[in-house]
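S.K.: With the sequence up front, the predicted model follows.
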Amino acid sequence: MTDTQAPTEPTNESLDTAHAIEEQTTPAHPIHKVLSFVRRSARLDTRLQRAWDNYADTYLLDIAAGNARLDVREGFSLTKAYIQSTWGNSNPLIVEIGTGQGENVVAAAAAHPETNFLALEVYDPGVAHTLLLAGKQQLTNIRIAQVNAAELFKVTEPGSIAEVWTFFPDPWPKKKHHKRRIVQPELAGNIHDALVDGGVWRIATDIEDYALHVHEVMDHLDGWKNIGTINSSLPLEHVGKGNADLAADMPHADFTESERFVGRVLTNFEKKGLDAGRVIHDFTYQAVALNAVK
Ligand SMILES: C[S@@+](CC[C@H](N)C(=O)[O-])C[C@H]1O[C@@H](n2cnc3c(N)ncnc32)[C@H](O)[C@@H]1O
């Protein structure tokens, strides 16, 4: 059992601004896609603008549709040939979805020069900060794409990615917004196809209800094996101040989680979760053959 603790379920107020974006009105989208993010324009400060000017040519992939759209440009595919020519080698590629400020993906790239990294982030300041961190260290094994990750995985060549990481995805706590959570069966299917044999999708969240969501989406999905070894049990009902004492008697979901992924540095999001007393839930799903017995 990792936890059945109660008092730390976040409120919108307790979440970071990026967590609270759902309070804004959902913008109209021409094709009415359900998006896991809210389009926000943000002016870059001088430091970040300089980083963009200095490093975008080196690190930012020219694969977005342009005109502030976060779709992948028409005709683009993330193929093995593109990866080979962009990174200049055939080393394994790890893709992090929603890299935020880039602390984790840049630290990983610096620590593992023998591995290629691709950071996917939609928010301008996050992209600029990732450019800054990568540029300062003159890393050669990382690239950044400012695209909707869900769209990129639709056009990724099967068997081309070693690992996918999604750490502290936006929680979208309201029930009516759960469909906007990035961990969804369709994305899982596309990631499954994109991974090499035995490749893994690592997911971590500090939000108990999101951990349940990951379990509900992933543990019943064909083609994935949860290779976690820690037994976890979470109440199916929201446990808040009023019913915390009753948590033990509520129906629970039992599943397995992983040890904290040693390859992850402590980002601000994880730190804020820990500071607020929340428990971090790590999951590791391995892509296995479809119809394989789990
Ligand atoms: C809560 S933040 C976590 C950032 C980072 N992983 C960390 O731990 O610090 C989630 C990030 O995912 C990004 N994001 C959400 N949906 C995305 C998508 N479809 N494609 C790429 N990035 C996305 C958001 O812009 C945000 O920066």
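M.R.: Cool, the structure landed.
S.K.: Let me see the contact set for the residue most central in space within the chain.
M.R.: Residue closest to the mean C-alpha point of the chain, counted by CA atoms, centre = their mean, is Thr166 at 2.5 Å. The neighbourhood of Thr166, defined by CB atoms under 8 Å, 6 or more residues apart in numbering, consists of 96-98, 182-183, 201-204. Heads up, the C-betas are built off the backbone N, CA and C, glycines and all.
S.K.: How far off centre is the longest strand along the chain?
M.R.: Ordering each strand of the chain by length in residues (DSSP state E) puts strand 195-205 first. The chain centroid and the centroid of strand 195-205 are separated by 11 Å under CA atoms, centre = their mean, to the nearest Å.
S.K.: before we move on, what about stretch 177-191?
M.R.: Here stretch 177-191 shows a centroid-to-chain-centroid distance of 11 Å under the convention CA atoms, centre = their mean.
S.K.: Run through who's touching it.
M.R.: Outside stretch 177-191, the residues that touch it by CB under 8 Å, 6+ apart are 22, 34-36, 97-98, 149-150, 153-154, 156, 161, 164, 166, 169-172, 201, 203, 210, 213-214, 217-218, 221, 223-224, 285, 287.
S.K.: what do you get for stretch 254-273?
M.R.: Outside stretch 254-273, the residues that touch it by CB under 8 Å, 6+ apart are 2, 16, 18, 100-101, 103-104, 107-108, 111, 165, 167-168, 202, 204, 206-207, 211, 215, 219, 226-233, 280-284.
S.K.: Those in strands, which ones?
M.R.: 165, 167, 202, 204, 226, 230-233, 281-284.
S.K.: what about His215, distance to Asn116?
M.R.: Using CB to CB, to the nearest Å, His215 is found at 30 Å from Asn116.
S.K.: residues from the protein in reach of the ligand?
M.R.: By the rule CB under 6 Å from any ligand atom, the part of the chain lying against the ligand is 18-19, 36-37, 97-100, 120-123, 126, 148-150, 167-170, 182, 267-270.
S.K.: Mind giving me the ChimeraX command for buried ones among the ones in strands among the contacts of stretch 254-273?
M.R.: For selection in ChimeraX, the members of the ones in strands among the contacts of stretch 254-273 meeting the burial criterion (16 or more other CB atoms under 10 Å) are listed in this command:
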select :165,167,202,204,226,232,281,282,283,284
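S.K.: farthest-separated two in the ones in strands among the contacts of stretch 254-273?
M.R.: Taking every pair in those and measuring CB to CB, the maximum separation is 25.3 Å, between Trp165 and Ser233.
S.K.: Give me the below-cutoff pLDDT ranges for the stretch 151-294 of the chain.
M.R.: Within the stretch 151-294 of the chain, the set of residues satisfying pLDDT under 70 comprises 239, 241, 293-294.
S.K.: ok, which stretches of it are helices?
M.R.: Remark: helices assigned in the stretch 151-294 of the chain by DSSP state H, counting those that start in this stretch are 185-194, 208-218, 268-275.
S.K.: can you list the ones you listed in CSV and add distance to Phe261 and mean neighbour count?
M.R.: Converted to CSV, those look like this (distance: least, CB to CB, whole Å; neighbours: other CB atoms under 10 Å):
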stretch, distance to Phe261, mean neighbour count
helix 185-194, 17, 19
helix 208-218, 14, 20
helix 268-275, 11, 16
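S.K.: give the contact list for Gly102.
M.R.: Contacts here follow CB under 8 Å, 6+ apart; on that basis Gly102 touches 119, 121, 126, 129-131, 133-134, 144.
S.K.: distance of Ala107 from the ligand?
M.R.: Distance of Ala107 to the ligand, given as CB to the nearest ligand atom, to the nearest Å: 11 Å.
S.K.: For that residue, give me its contacts.
M.R.: Contacts for Ala107 (CB under 8 Å, 6+ apart) come out as Val265.
S.K.: how much space between it and Gly88?
M.R.: 22 Å.
S.K.: what's the answer for Thr229, then?
M.R.: For Thr229, the distance to Gly88 (CB to CB) stands at 37 Å.
S.K.: and what of Phe117?
M.R.: The span separating Phe117 from Gly88 equals 14 Å under the rule CB to CB.
S.K.: which one of those two has more residues nearby?
M.R.: Summary of the neighbour comparison: Phe117 and Gly88, criterion other CB atoms under 10 Å, with Phe117 having more neighbours (27 against 11).
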